[in-house]
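Undergrad: I would like to see how this sequence folds:
(one chain, ligands or ions: 1)
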Amino acid sequence: MSRFDVTALRRLDQAHLLHPFTDHRAMHQGGTHVIRSAKGSTVIDETGRELIDGLAGLWCVNVGYGRDEIANAVAEQMRAVAFYPSFFNTTTEPAIRLSAKLAEHAPPNLQHTLFSNSGSEANETALKLIRAYWKLRGKREKTKVLSRTFAYHGVSIATTSLTGLATCTEPFDLPLPGFLYVPGPYSYGSGKSPEEYGAWCLAETERTIEREGAGTIAAIFVEPVQGAGGVIVPPAGYLSALRELCRRNEILFVADEVITGFGRLGAWFASVLWNLEPDLMTTAKGITSGYLPLGATMVSREIATIFESSGYLAHGFTYTGHPTTCAAALANLDIIEREGLVERVRDDVGPRFQAALHELADHPLVAEVRGFGLIGALELRAPRSGPNAGAAPNTLGGAVHGLAREEGAIVRGIRDLVALAPPLVVTHDELDRLFAALTRALDRL
Ligand SMILES: Cc1ncc(COP(=O)(O)O)c(C=O)c1O
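TA: Alright, predicted model coming up:
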């Protein structure tokens, strides 16, 4: 490898690379961060400093960095057959084996998978299957799609339309017609308890269904815990009531488990944990722990049967069921099983993480603590004095992100909150260091 020259790399970066979800001017003023290497739950940045990765990359590196098992499986698969499509009556062994492995862990009614390359594509695929499904069932007027405020479902035109965050939709003049938002259960600042607020959200959702007409609504997309919208944990009873409301109105329930899948909540899927019985479930991220890009759309037996008996299914990407990414996923899921990482989150690091998070409730700048398993968030209030006294709204999360990095940890800043979701292999010592760094950052705010 060539000598690591951060000055030259930053110059090339500024000249040529556009970054996702980035203010480029601010980034180039501060200097782009360049991650040089990573192992377990830590990364080494451009200065050679070790940082605890409190966000598992982007909520995805569940088994931690630097796993030889995945690298070896990928190399072996590339040598055997690096790529062959799953189009036209053909596929490869890893795609078949991975679909069977997913069926083992998914809710029992989800036994069929259509692969793609990302969470956005998994949701886009779900949207297309849903449209075709209602058409095949003779209910052509069922075309509208519900999602919730603060939802994040991806960045394609249609999945941006599902995303209930103005920062994502407004620059692109979205949502498209036919995409409707109902309130997500974000009770913070509402003056209501989470349960009261959840009940209000359900009542509003029911009113929307009545107003639009259930016969025009195809589906609802639901992240069981809303991630990028601010780690919004559903209040007790809310998700099961929402599920029931959809069942009564013949609205397909799509669980977007792109973040919550593969152990993050101390279960293989939130849908299993909370018995959601979704009609479709989408996953990505933790399916390969981010080692290679892969999305998966799982569908109920009923939906699968309709497609299996309706002739030609004209959907799929060149890389749908890519053998090398599927081999990476199989090696990744094997690690999760062998090392009992789901149980580890449920019984060990999850409770320890939640205890440390909730200890910060006493910090003068922390207004609310939320979390479940190995995901959590702190809502912040502006300090009375110091550099961030009277900070503009929605800037505290970014400020803490910067300070935490200086203190040796990566956390995600969202509006006035910080979000955390470390790798499932995070050690007790690393959790202690993560929370110590975060506390120092809060003290400096
Ligand atoms: C819940 C959820 N759905 C979908 C997506 C989109 O996934 P991708 O970025 O792989 O397209 C994300 C990404 O963060 C997500 O968190």
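Undergrad: okay, CA-based contacts and neighbour counts for the rest of this
TA: OK.
Undergrad: neighbours around Asp173, how many?
TA: Neighbour count for Asp173, taken as other C-alpha atoms under 10 Å: 11.
Undergrad: mind checking how far it is from the ligand?
TA: Asp173 sits 19 Å away from the ligand, taking C-alpha to the nearest ligand atom, to the nearest Å as the criterion.
Undergrad: same question, Arg301
TA: In this structure, Arg301 and the ligand are 23 Å apart, going by C-alpha to the nearest ligand atom.
Undergrad: Quickly list the domain ranges of this protein.
TA: For the chain, the domain assignment from automatic domain parsing gives the residue ranges 35-63+340-444, 68-338.
Undergrad: would you turn those into TSV with distance to Gln14 and mean pLDDT?
TA: Compiled in TSV, the domains of the chain are given as follows (distance: least, C-alpha to C-alpha, whole Å; pLDDT from 0 to 100):
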stretch	distance to Gln14	mean pLDDT
domain 35-63+340-444	16	97
domain 68-338	23	98
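Undergrad: mind putting those domains in CSV, distance to Arg10 included?
TA: Compiled in CSV, the domains of the chain are given as follows (distance: least, C-alpha to C-alpha, whole Å):
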stretch, distance to Arg10
domain 35-63+340-444, 10
domain 68-338, 24
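Undergrad: To Met27, which of these lies closest?
TA: With C-alpha to C-alpha, the closest approach to Met27 among the domains of the chain belongs to domain 35-63+340-444: 11.8 Å.
Undergrad: Quick one: end-to-end distance for that closest one.
TA: 25 Å (C-alpha to C-alpha, to the nearest Å).
Undergrad: what about that domain, distance to the chain center?
TA: Relative to its chain's centre, domain 35-63+340-444 lies at 16 Å (C-alpha atoms, centre = their mean, to the nearest Å).
Undergrad: hmm, that domain in reach of the ligand?
TA: No: interface with the ligand: domain 35-63+340-444 contributes nothing (C-alpha under 6 Å from any ligand atom), its closest point being 6.9 Å away.
Undergrad: Now do Leu176: how many residues are near it, please.
TA: So Leu176, with other C-alpha under 10 Å, has 15 neighbours.
Undergrad: any idea which helix or strand comes after the helix or strand encompassing Thr305?
TA: Under DSSP states H and E, the secondary-structure element containing Thr305 is helix 301-308. Proceeding N to C from helix 301-308, the next assigned helix or strand is helix 323-338, under DSSP H and E.
Undergrad: List the buried residues for that next one?
TA: For helix 323-338, a neighbour-count test (16 or more other C-alpha atoms under 10 Å) marks 323-333, 335-336 as buried.
Undergrad: And it, how far out from the chain middle?
TA: Averaging C-alpha positions (C-alpha atoms, centre = their mean) puts helix 323-338 19 Å from its chain's average.
Undergrad: Please report phi then psi for the residue nearest to Ala284 when sequence neighbours are not counted.
TA: By the measure of C-alpha to C-alpha, 6 or more residues apart in numbering, the closest residue to Ala284 outside its immediate chain neighbours is Gly295, 4.2 Å from it. When quoted as degrees, to the nearest 10, the phi and psi of Gly295 stand at phi -120, psi 160.
Undergrad: and if you look at Leu420?
TA: Per degrees, to the nearest 10, the residue geometry at Leu420, taken as phi and psi, is phi -130, psi 140.
Undergrad: Tell me the spacing between the residue nearest in space to the middle of the chain and Pro351.
TA: For the chain, the residue sitting closest to the mean C-alpha position, by C-alpha atoms, centre = their mean, is Ile259 at 2.9 Å. Taking C-alpha to C-alpha as the measure, Ile259 and Pro351 are separated by 19 Å.
Undergrad: re earlier: contacting residues around the helix holding Thr305?
TA: Helix 301-308 is contacted from outside by 109-112, 133, 136, 279, 313, using C-alpha atoms under 8 Å, 6 or more residues apart in numbering.
Undergrad: And the helices in the stretch 151-300 of the chain?
TA: Here the stretch 151-300 of the chain has its helices, by DSSP state H, counting those that start in this stretch, at 157-162, 166-169, 194-212, 238-248, 270-273.
Undergrad: nearest to Pro364, of the ones you listed?
TA: Across the helices of the stretch 151-300 of the chain, Pro364 has its closest neighbour in helix 194-212 (21.9 Å, C-alpha to C-alpha).
Undergrad: list the buried ones in the closest one?
TA: Across helix 194-212, burial judged by 16+ other C-alpha under 10 Å covers 194-202, 205-206, 208-209.
Undergrad: Closest one to Asp429 out of those, please.
TA: For these, the residue nearest Asp429 by C-alpha to C-alpha is Pro194; the value is 32.6 Å.
Undergrad: Tell me where the stretch 51-200 of the chain has strands.
TA: Using DSSP state E, counting those that start in this stretch, the strands of the stretch 51-200 of the chain run over 110-116, 144-148, 179-182.
Undergrad: how about those strands in CSV, adding mean neighbour count?
TA: As requested, those are exported to CSV (neighbours: other C-alpha atoms under 10 Å):
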stretch, mean neighbour count
strand 110-116, 23
strand 144-148, 23
strand 179-182, 20
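Undergrad: now these as a markdown table including distance to the ligand?
TA: Putting the strands of the stretch 51-200 of the chain into a markdown table (distance: least, C-alpha to the nearest ligand atom, whole Å) gives the following:
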| stretch | distance to the ligand |
| --- | --- |
| strand 110-116 | 10 |
| strand 144-148 | 12 |
| strand 179-182 | 16 |
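Undergrad: Of all those strands, which one is nearest Phe221?
TA: Minimum separation from Phe221 across those (C-alpha to C-alpha) falls at strand 144-148, 5.1 Å.
Undergrad: Alpha carbons of the closest one, as PDB, please.
TA: Included here for strand 144-148 are C-alpha records, laid out as PDB according to Å, rounded to 0.1, in the frame of the first residue of the first chain:
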ATOM      1  CA  LYS A 144     -51.300   4.700  -1.300                       C
ATOM      2  CA  VAL A 145     -48.500   4.000   1.200                       C
ATOM      3  CA  LEU A 146     -48.400   5.200   4.800                       C
ATOM      4  CA  SER A 147     -45.200   5.800   6.800                       C
ATOM      5  CA  ARG A 148     -44.500   7.800   9.900                       C
END
